[in-house]
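A.B. asks: Have a look at this prediction, sequence included:
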Amino acid sequence: MKAQTGSQKWVQTLLGLIISAWAFPTLALDAETKSRILDTRNCKGCKLQGEALTGLDLRSVLFEQADLRGVRLAGRDLSHAVFKGANLIGADFTGANLAEADFSEADLTGTKLQKANLRGTIFTDAKLIKADLRDADLKGAQLNGTKAMNAKLSGAKLREANFFETDLSGTDLKGQVLTGLDLTSSILKGADLTGVNLNRANLDSVDLRGANLTMALLLEANLSGAQLEGTRLTRANLSHANLMSARCDKADFSQANLQRINALGASFVNADLRGARLLDADLTQAKFRNANLEGSLVKGASVCDSDLPPAVKKQGSCAEASFITDVDDL
């Protein structure tokens with residue numbers, strides 16, 4: 001009986017394997033798909049979920065609108081490939097060459113792109129939510145309108161990349177050198193920018209609410225109209241920066257260097273400015289209601305029409321002050 005039972009079990013197992021192979025075909029590519037990739041270079045709309053695409057030349061292949069969820073393409077050369085509108089959730093491109101590839105409007109949520117070559121790559125309007133871009137080379141990459149919330153960017157090379165209207169909320173950019181970077185109208189709420197170098201960067205109308213910019217370098221940076229409510233800028237250097245009309249309510253500027261900033265019409269309501277250096281700054285029409293100015297230096301600053309406390313206001317002057325014209329007065 002035992003031998004017969006074992007034989008029956010073996011037969012059942014074999015039948016199970018046969019049924020599984022029929023019901024769930026192998027991931028091996030069919031001849032038609034291979035031909036589309038190798039001969040026509042056009043795999044638009046292909047369904048390649050979980051594929052490795054082993055042994056195929058994938059350079060300049062069109063994968064527009066393709067289903068590439070979970071594909072395993074680590075270390076592969078996909079330069080100039082087009083992934084416009086493709087589904088790449090959970091794909092693995094670790095160490096891959098994706099130079100000048102096109103990922104516009106693609107979904108790369110949770111995608112692995114560590115150490116990938118992304119020079120000149122296009123991510124316009126794509127999703128890079130929680131994507132891993134650590135140590136990737138993004139020089140000259142286009143990320144206009146990209147949603148990259150909570151993406152991992154530590155060690156990534158971002159020089160000359162374009163982040164216009166990009167959502168980088170919650171990203172880790174500690175210690176990055178982003179000199180001269182264009183982040184116009186981008187969102188960096190809650191981002192970690194500790195020690196970042198944003199000298200001469202364009203941060204016009206950027207949303208930095210709740211971000212950490214402790215000891216950041218922002219010399220000559222353009223923060224005109226920026227939202228800095230609750231932002232931490234302890235010991236940051238904003239010398240010669242433009243904060244015209246910026247919203248800095250409840251921000252922490254303690255021990256910060258604000259020398260020669262243009263803060264015309266800016267709001268520092270309830271801000272922490274203890275020990276801040278505001279030497280020769282333009283504080284015309286700036287609001288400081290309930291701000292903590294203990295130990296701050298305002299010598300030589302233009303303080304006309306600001307609501308600085310009288311004792312602090314005495315350090316400044318109204319010489320050659322400029323004023324914002326109220327639209328209602330025109």
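C.D. replies: Sure thing, it's come through. Residues are numbered from 1 along each chain as shown.
A.B. asks: from memory Gly180 sits against Asn197, does it?
C.D. replies: No - shown here, Gly180 and Asn197 do not form a contact pair, counting by Cβ atoms under 8 Å, at 9.8 Å. Heads up, the C-betas are built off the backbone N, CA and C, glycines and all.
A.B. asks: who has more neighbours, the two?
C.D. replies: Asn197 (19 against 15; other Cβ atoms under 10 Å).
A.B. asks: Kindly provide the distance from the more buried one to Asp137.
C.D. replies: Taking Cβ to Cβ, to the nearest Å as the measure, Asn197 falls 18 Å from Asp137.
A.B. asks: Low-confidence ranges, the chain, go.
C.D. replies: 1-28, 319-330 (pLDDT under 70).
A.B. asks: the helices in it, which residues?
C.D. replies: 2-23, 31-35, 310-313 (DSSP state H).
A.B. asks: how close does the nearest residue in space to Arg41 that is not next to it in sequence sit to Asn212?
C.D. replies: Leaving out its chain neighbours, the residue that sits closest to Arg41 by Cβ to Cβ, 6 or more residues apart in numbering is Val61, at 5.1 Å. Distance from Val61 to Asn212, counting by Cβ to Cβ: 41 Å.
A.B. asks: Looking at those two, which is more packed in?
C.D. replies: Counted by other Cβ under 10 Å, Val61 and Asn212 do not tie: Val61 has more neighbours, with 25 against 21.
A.B. asks: I'd like to know how far the more buried one sits from His80.
C.D. replies: Between Val61 and His80 the computed distance is 9 Å (Cβ to Cβ).
A.B. asks: Please apply the same query to Ala31.
C.D. replies: Taken as Cβ to Cβ, the span from Ala31 to His80 is 25 Å.
A.B. asks: between the two, which one's more packed in?
C.D. replies: Higher neighbour count among Ala31 and His80: His80, with 17 against 7, using other Cβ under 10 Å.
A.B. asks: list the contacts for the closest residue to the more buried one other than its chain neighbours?
C.D. replies: Distances taken as Cβ to Cβ, 6+ apart place Ser60 nearest to His80, at 4.4 Å, with adjacent residues excluded. Each residue near Ser60 by Cβ atoms under 8 Å, 6 or more residues apart in numbering is listed here: Arg41, Ser79, His80, Ala81, Val82.
A.B. asks: List only buried entries from these.
C.D. replies: Ser79, His80, Ala81, Val82 (16 or more other Cβ atoms under 10 Å).
A.B. asks: doesn't Glu100 make contact with the second one?
C.D. replies: Yes - taking Cβ under 8 Å as the definition, His80 is a contact partner of Glu100 at 5.3 Å.
A.B. asks: how deep is His240 tucked in, by neighbour count?
C.D. replies: Using other Cβ under 10 Å, His240 has 19 other residues around it.
A.B. asks: ok, it - contacts?
C.D. replies: Leu219, Glu220, Gln259, Arg260, Ile261.
A.B. asks: Any figure for the gap between the second one and Asn87?
C.D. replies: Spelled out, that is Glu220. Following Cβ to Cβ, the distance that separates Glu220 from Asn87 is 42 Å.
A.B. asks: what's the answer for the last one, then?
C.D. replies: Computed as Cβ to Cβ, the Ile261 to Asn87 distance reads 46 Å.
A.B. asks: how deep is His30 tucked in, by neighbour count?
C.D. replies: One correction, residue 30 is Asp, not His. 10.
A.B. asks: residues contacting it?
C.D. replies: With Cβ under 8 Å, 6+ apart, Asp30 has no contacts at all.
A.B. asks: what's the answer for Leu233, then?
C.D. replies: Counting by Cβ under 8 Å, 6+ apart, Leu233 touches Leu213, Thr214, Ala216, Ala251, Asp252, Phe253, Ala256.
A.B. asks: Was I right to think Leu29 contacts Gly50?
C.D. replies: No - applying Cβ under 8 Å, one finds Leu29 not in contact with Gly50, separated by 11.8 Å.
A.B. asks: More neighbours: these two, which one.
C.D. replies: Leu29 (19 against 13).
A.B. asks: quick one: contacts for the more buried one?
C.D. replies: Ile37, Leu48, Glu51, Leu53, Leu56.
A.B. asks: Columns distance to Pro309 and neighbour count on top of those residues, output as CSV?
C.D. replies: What follows is these, written out as CSV (distance: Cβ to Cβ, whole Å; neighbours: other Cβ atoms under 10 Å):
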residue, distance to Pro309, neighbour count
Ile37, 71, 21
Leu48, 66, 20
Glu51, 67, 20
Leu53, 68, 20
Leu56, 71, 16
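A.B. asks: If you count neighbours, what's buried in stretch 69-86?
C.D. replies: Neighbour count says stretch 69-86 has 69-74, 76, 78-86 buried, by 16+ other Cβ under 10 Å.
A.B. asks: Likewise for stretch 219-226?
C.D. replies: Leu219, Ala221, Asn222, Leu223, Ser224, Gly225, Ala226.
A.B. asks: I'd guessed the fifth one sits against Arg247; true?
C.D. replies: No - taking Cβ under 8 Å as the definition, Ser224 is not a contact partner of Arg247, at 11.2 Å.
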